[in-house]
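Q: Model the structure of this input:
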Amino acid sequence: MKFACDAYLASLVSDMDSAMLLIEYGLEATAYVLVAACLQVLLRELPNSMHNPNVSRLFCSSEGKDRLSSAGHASFLLYYFLAQSAMEEDMKSNTTVMLLERLGELSSVGWQKQLAFHQLGCVMLERKEYKDAQRCFEAAVEAGHIYSLAGIARANYKRGHVYKAYKLMNSIISDYTPSGWMYQERSLYCHGNEKMMDLSTATELDPTLSYPYKYRAVSMVEENRIDAAISEINKVIGFKISPDCLELRAWFLIALEDYEGALRDVRALLTLDPQYVMFHGKLQGDKLVELLRHTVQQHSQADCWMQLYDRWSSVDDIGSLAVVRHMLANDPGKSLLLFRQSLLLLRLNSHRAAMRSLREARNQATSEHERLVYEGWILYDTGYREEAISKAEESISIQRSFEAYFLKAYVLSETHSDSEASLYVIKLLEEALRCPSDGLRKGQALSNLASIYVDVGNLDNAIDCYMNALNIKHTRAHQGLARVYHLKNQRKSAYDEMTKLIEKASYNASAYEKRSEYCDREMAKNDLRTVTKLDPLRTYPYRYRAAVLMDDHKESEAISELTKVIAFKPDIHLLHLRAAFHDSMSEPTSTIRDCEAALCLDSNHADTLELYSKARQRSNEQQST
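A: Numbers count the residues shown, from 1 in each chain. Got it, this is the predicted structure:
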């Protein structure tokens, strides 16, 4: 009877009010299913649900944790999720501290204690409670978390013990394999040439760390070398967009009286983070936009569309983002612009901001068929592909539109790769192109259509589509056209096409990478060196160079090339390749180590599983002999 009541009451939980009413009964009666149903609602409403004092009391207090435990729901993973949500909303809040304290209480094995104490130490550092931060980091180290030694050093530094901090970082660099973050951390505790040398080493070991670029750029400004400072900060903006780097470049541009450029960067950073406060938390970003706006020529909405076409055609995603932000300021309820904004944010790998923009587009949609399309994209982006197709079909049943056909075609092309599906996708894209839309979206549709034509072997039609896309300034179509020329054994034409893209694109690391496939080895190596300089996060150049070194029987150098990038980007393909190299050198222990690391990233990676099995078998044979 209790189980039946539990299940029935659980079926009544539908919103926050019912969850808050019934969870008390569930906890009182230790009703597992009812409490689970209530928790689902509370978790779906995070972080807002934590603003309810009753919810906060339940999760944050020791008593609440014990009650959840009695009902079978106080797990480490639950509190880890709650703590992450709280940290993202407000890292310094009391709620965050209490949730992390409960997380520590629920830690039962070493790695859990390491994680809980380290995160609590980071929060205490942010709250400027340095003694408590140091104690937390020491507890994490005691549990085996070596990285927390850096936390101890930082807490010592904040307490005024600079030499202690420097000595501790010295010992870490001496005792462990040096990494970029170690030298970056030590640079905080020294000055002058020694500091610059540490920052230089940090960039050499890990070119993705942004602090060294920012520090060098600010130092150059202090020497009145503003152009050099902008070049330095451009290096990191070229491969990793962040509000703080855009803010820094904006200030440099203001110093050069380039107010147009500064306004572009401030608008772009506010799109990434609408709540961003500039100048050490003293100046709202929108206020700076207003100040800068009066120093530049005012543009109408029609002018902005022309600017957007220009930025889009030059593959300038930051510039495009800034123009869309400006257009939204003039017309804040325009769902189409919000949708465009989400596409740009996805290109810049700002997935959370993109989803926020897409949801806002859905909320601002003025028609049912348009709202359904945006809901479809939200479903697709969260992994619900069939549901996304259903939304597109429902939208088409109300009104034929470019975006509905495009959505259905895009999802189907990602879901099915057989020839029958490809032919259907072609029909859908042709229908999309018959519907009204602007050149920006039609260029993308033409490019996608051409790609499908390539897949089904219709290269002449693909060329026509790419050419039409280029005629309406869809510059990325150069890459597709190059691929077609390559398939037709016209390598020179393919190379020339990619050269055109490099000349037109503002950020062209991917274009250099692709061009390297259409030239001889030496030219390819030059292009790939440029790629690594422009975007060290791209792994293909490292894999290519390592493969060339292996072909030249330089095994140690090949492994060193892969180790260099794995140190700051442990990519599964890099780990698998290094494992394969170790295997070819009859080093089963190293092979097994790299396979295990790769399988942590993807436990179902077939090639790695096969290599892992062979390496373990070989290792067992060696041990038995």
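Q: Touching, Asn616 and Arg593? I think so.
A: One correction, residue 616 is Arg, not Asn. No. Using Cβ atoms under 8 Å, Arg616 makes no contact with Arg593, being 11.5 Å away. For the C-beta atoms, the positions are set from N, CA and C on the backbone; glycine is no exception.
Q: Could I have the CA atoms of stretch 214-229 written out in CSV?
A: Taking Å, rounded to 0.1, in the frame of the first residue of the first chain, the C-alpha atoms of stretch 214-229 are listed here in CSV:
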residue,chain,number,x,y,z
LYS,A,214,47.2,39.8,-21.3
TYR,A,215,50.2,40.6,-19.1
ARG,A,216,52.6,41.2,-22.0
ALA,A,217,50.0,43.3,-23.7
VAL,A,218,49.5,45.6,-20.7
SER,A,219,53.3,45.8,-20.3
MET,A,220,53.5,47.0,-23.9
VAL,A,221,50.9,49.7,-23.3
GLU,A,222,52.9,50.9,-20.3
GLU,A,223,55.8,51.3,-22.7
ASN,A,224,53.5,53.2,-25.1
ARG,A,225,53.6,50.4,-27.6
ILE,A,226,49.9,50.2,-28.1
ASP,A,227,49.9,48.7,-31.6
ALA,A,228,52.2,45.9,-30.4
ALA,A,229,49.8,45.4,-27.4
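Q: list the buried ones in that stretch?
A: Going by neighbour count (16 or more other Cβ atoms under 10 Å), the buried part of stretch 214-229 is Lys214, Tyr215, Arg216, Ala217, Ser219, Met220, Val221, Ile226, Ala228, Ala229.
Q: so where do the strands sit in the protein?
A: Along the chain, the stretches classed as strands by DSSP state E are 277, 283-284.
Q: List just the one of those that sits closest to Arg543.
A: strand 277 (41.3 Å; Cβ to Cβ).
Q: who touches that closest one?
A: Contact with strand 277 is made by Leu283, Gln284, Gly285, as judged by Cβ atoms under 8 Å, 6 or more residues apart in numbering.
Q: quick one: which of the residues you listed is most hemmed in?
A: Gly285 (21 neighbours; other Cβ atoms under 10 Å).
Q: For Ser584, see how far away that residue is.
A: 53 Å (Cβ to Cβ, to the nearest Å).
Q: before we move on, the earlier item: in CSV, list the buried residues of stretch 214-229 along with pLDDT.
A: Shown next, in CSV, are these (pLDDT from 0 to 100):
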residue, pLDDT
Lys214, 97
Tyr215, 97
Arg216, 98
Ala217, 98
Ser219, 97
Met220, 97
Val221, 96
Ile226, 97
Ala228, 97
Ala229, 98
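Q: Which ones among those residues lie within helices?
A: Using DSSP state H, the members of the buried residues of stretch 214-229 that fall in helices are Lys214, Tyr215, Arg216, Ala217, Ser219, Met220, Val221, Ile226, Ala228, Ala229.
Q: Isn't the last one up against Phe252?
A: To tie it back to what came earlier, the one meant is Ala229. Yes. Between Ala229 and Phe252 there is a contact under Cβ under 8 Å: 5.3 Å.
Q: Determine the residues that are contacts of both of the two.
A: Ala217, Val221.
Q: Can you list the residue ranges for helices in the stretch 151-300 of the chain?
A: Using DSSP state H, counting those that start in this stretch, the helices of the stretch 151-300 of the chain run over residues 162-175, 180-187, 192-205, 211-222, 226-237, 243-255, 259-272, 278-281, 285-293.
Q: just checking, what packs against the second one?
A: It stands for helix 180-187. When contacts are defined as 3 or more Cβ pairs under 8 Å, 6 or more residues apart in numbering; DSSP states H and E, helix 180-187 sits against helix 148-158, helix 162-175, helix 192-205, helix 211-222.
Q: Indicate which one of those is closest to Gln184.
A: Taking the helices and strands packed on helix 180-187 one by one with Cβ to Cβ, helix 192-205 is closest: 4.1 Å.
Q: if we can go back for a sec, what's the closest of the helices and strands packed on helix 180-187 to Arg578?
A: Arg578 lies closest to helix 192-205 among the helices and strands packed on helix 180-187, at 17.4 Å (Cβ to Cβ).
Q: separation between the spatially closest residue to Tyr259 that is not a sequence neighbour and Asp175?
A: Spatial nearest neighbour of Tyr259, chain neighbours left out: Thr295 (4.2 Å); criterion: Cβ to Cβ, 6 or more residues apart in numbering. When distance is defined by Cβ to Cβ, Thr295 is 54 Å away from Asp175.
Q: picking that back up, distance to Leu68 added to the helices and strands packed on helix 180-187, as CSV?
A: Formatted as CSV, these follow (distance: least, Cβ to Cβ, whole Å):
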stretch, distance to Leu68
helix 148-158, 28
helix 162-175, 39
helix 192-205, 43
helix 211-222, 40
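Q: out of these, deepest packed?
A: helix 148-158 (a mean of 22; mean count of other Cβ atoms under 10 Å).
Q: doesn't Met498 make contact with Ala482?
A: Yes. At 4.8 Å, Ala482 counts as touching Met498 under the criterion of Cβ under 8 Å.
Q: Overlap of the contact sets of these two?
A: Shared contacts of Ala482 and Met498, counting by Cβ under 8 Å, 6+ apart, come down to Lys514, Arg515, Tyr518.
Q: How confident was the prediction at the second one?
A: So the one you mean is Arg515. pLDDT for Arg515: 97.
Q: So for it, what's the nearest residue that isn't a sequence neighbour?
A: Met498 (3.6 Å).
Q: and the one you found, how many neighbours?
A: 29.
Q: same question, Lys427
A: 11.
Q: Would you mind measuring from it to Leu449?
A: Taking Cβ to Cβ as the measure, Lys427 falls 10 Å from Leu449.
Q: so where's the chain uncertain?
A: Low-confidence segments of the chain (pLDDT under 70): 1-4, 6, 8-9, 12, 625.
Q: mind redoing it with 50?
A: Scanning the chain with the threshold set as pLDDT under 50 gives no residue ranges.
Q: Where is the longest helix in it?
A: Max-length helix for the chain by DSSP H is helix 606-624.
Q: May I see the buried residues of that one?
A: Thr608, Leu611, Tyr612, Ala615, Arg618.
Q: In contact with the first one, which residues are there?
A: When contacts are counted by Cβ under 8 Å, 6+ apart, Thr608 is found next to Ile572, Leu575, His576, Ala579, Cys595, Ala598, Leu599, Asp602.
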